[in-house]
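Enquirer: fold the following for me, if possible:
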Amino acid sequence: MARFARVHVGWSLVDTGEAGHDTVIEATFAADGANGLIYIQSAAGVDLTSFATGNLVFDLRLPAGATHGITYKVDCGFPCTSGEQELTGIVPGEWQTFEIPVSTLVSGGLELDKVNTGIVIFPTWDQQQGVSFELDNVRWEVGEPGGGGAGESGEIYIDSALAPWSLWDCCGGSTFTEVEDADPAYGTVAEFSYNGIGTVNGFEASTPVDVNAFAGGTLEFDVHLVSGPDSGGTGTWWLKLEGPGASWAAEIPLTRSTEGIDPPVGAWQHYTVPLDTLIDAGMSLDDVTLVMIFPTWATGAGVVVRYDNVKFVAPPAP
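Expert: Next up, the predicted model:
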């Protein structure tokens, strides 16, 4: 059932007369200084784990000339939530279809086995006065087997985490988000900010990923050390991969990459790591569940680092 928070929010079902958008939800927000939101909720938690490699999909149209942003999230029983995330690339006046990888929702904290609001959506807080939007064709779509994740394409993070991968921190020593990098060649990137507590972080797969198809190839990624540790310098950086339940682990310093250096401060640095190097360090190609990039334990206070284009790459054809 659809619900709408506070009398600040009004809604109606509108027949647009447009193909593909016959009857839509039109949400309006009063010019009363208040804030509110719209959500579609079930009476009890729903198990959506079968959508782990899929997408939350919906159509949205803002009025022409609109300047407010749109925020969305998915909840799984308070305080469980995906966390609020901003829609990007909105073009006012046009119907647009947005596909949100479920892996992105999971990376924000969503627990798929007890989802009770399939979507929560609202204009940016404190920018809601007198605005409106139309919403249609809201659905969850099942992904392909394997989700197009690293087991097939090799890609882990390219502008967003690709199923079954999500952003991850082990121990509360960093927070993570996605931001738009100033360099248009990178676009949306993963950003980790360290608070000084010992931690490792990176990317976690919801199911083990078989990367045997990339045997003889490389693990490659781009790193931008926005700010180095408070202690100065860049610190010593590590790459670590693990299997399910830490059944195996392979850890090497980034200086063992082809590039042979730690990340410089203030610039993007590409890294190429032969899988054979990781296999020698203990990696199994059968079941990868964690890919971690991090400074030496408990030395990261003040570090802000970004990652993009994280992927397994097959060797060149003979």
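
Enquirer: low-scoring stretches of the chain, by residue?
Expert: Low-confidence segments of the chain, defined by pLDDT under 70: 1-7, 144-152.

Enquirer: centre-most residue in it?
Expert: Among the residues of the chain, the one closest to the centroid is residue 104, at 3.4 Å (C-alpha atoms, centre = their mean).

Enquirer: which of the three states applies to that residue?
Expert: Three-state call for residue 104 (DSSP: H, G, I helix; E, B strand; the rest coil): helix.

Enquirer: that one reaches residue 161, doesn't it?
Expert: Yes - at 5.9 Å, residue 104 and residue 161 qualify as touching, with contact defined as C-beta atoms under 8 Å. The C-beta positions use only the backbone N, C-alpha and C, and glycine is treated the same way.

Enquirer: what are the buried residues along the helix or strand residue 223 falls within?
Expert: Residue 223 is part of strand 218-227, with elements assigned from DSSP states H and E. Within strand 218-227, the residues scored as buried using 16 or more other C-beta atoms under 10 Å are 218, 219, 220, 221, 222, 223, 224, 225, 226.

Enquirer: next helix or strand past that strand?
Expert: Next along from strand 218-227, by DSSP H and E: strand 237-242.

Enquirer: strand partners of the following helix or strand past that following strand, parallel vs antiparallel please.
Expert: Toward the C-terminal end, the helix or strand that comes next after strand 237-242 (DSSP H and E) is strand 249-253. Strand partners for strand 249-253, identified by DSSP bridges, are recorded as strand 237-242 (antiparallel).

Enquirer: what about the residue nearest to the centre of the chain, distance to residue 97?
Expert: 16 Å (C-beta to C-beta, to the nearest Å).

Enquirer: kindly report the same for residue 278.
Expert: Distance, residue 278 to residue 97, by C-beta to C-beta: 39 Å.

Enquirer: now swap in residue 22 and tell me
Expert: Taking C-beta to C-beta, one finds residue 22 at 16 Å from residue 97.

Enquirer: and residue 190, by the same measure?
Expert: On the measure of C-beta to C-beta, residue 190 and residue 97 end up 24 Å apart.

Enquirer: compare these two (neighbour count), which wins?
Expert: Shown here are residue 190 and residue 97; by other C-beta atoms under 10 Å, residue 190 has more neighbours (24 against 11).

Enquirer: quick check: beta-bridge partners of the residue found closest to the more buried one once you drop the neighbours it is linked to in the chain?
Expert: Of all residues not flanking residue 190 in the chain, residue 307 sits nearest, at 4.7 Å (C-beta to C-beta, 6 or more residues apart in numbering). Here residue 307 sits in beta bridges with residue 190, residue 223, as judged by DSSP bridges.

Enquirer: give me the buried positions along stretch 179-189.
Expert: For stretch 179-189, the neighbour count (16+ other C-beta under 10 Å) marks 181, 186, 188, 189 as buried.

Enquirer: okay, how far is it across it, tip to tip?
Expert: Terminal residues of stretch 179-189 are spaced 6 Å apart (C-alpha to C-alpha, to the nearest Å).

Enquirer: which one of the buried residues of strand 218-227 is nearest to residue 251?
Expert: For these, the closest approach to residue 251 (C-beta to C-beta) belongs to residue 219, at 13.0 Å.

Enquirer: picking that back up, contacts for the strand holding residue 223 next, please.
Expert: With contact meaning C-beta atoms under 8 Å, 6 or more residues apart in numbering, strand 218-227 is reached by 157, 181, 186, 189, 191, 234, 237, 239, 241, 258, 263-275, 278, 291, 293, 302-313, 315.

Enquirer: next one: stretch 156-163
Expert: Contacts of stretch 156-163 (C-beta under 8 Å, 6+ apart): 52-54, 101-104, 107, 143, 147-150, 153, 155, 165, 167, 178, 187-190, 203, 206, 221, 291, 307-312.

Enquirer: for stretch 30-47, same thing?
Expert: 1-11, 25, 27, 29, 75-77, 112-122, 125-126, 128-130, 135, 138.

Enquirer: any idea how far residue 67 is from residue 37?
Expert: 19 Å.

Enquirer: between those two, who's got more neighbours?
Expert: residue 37 (22 against 9).
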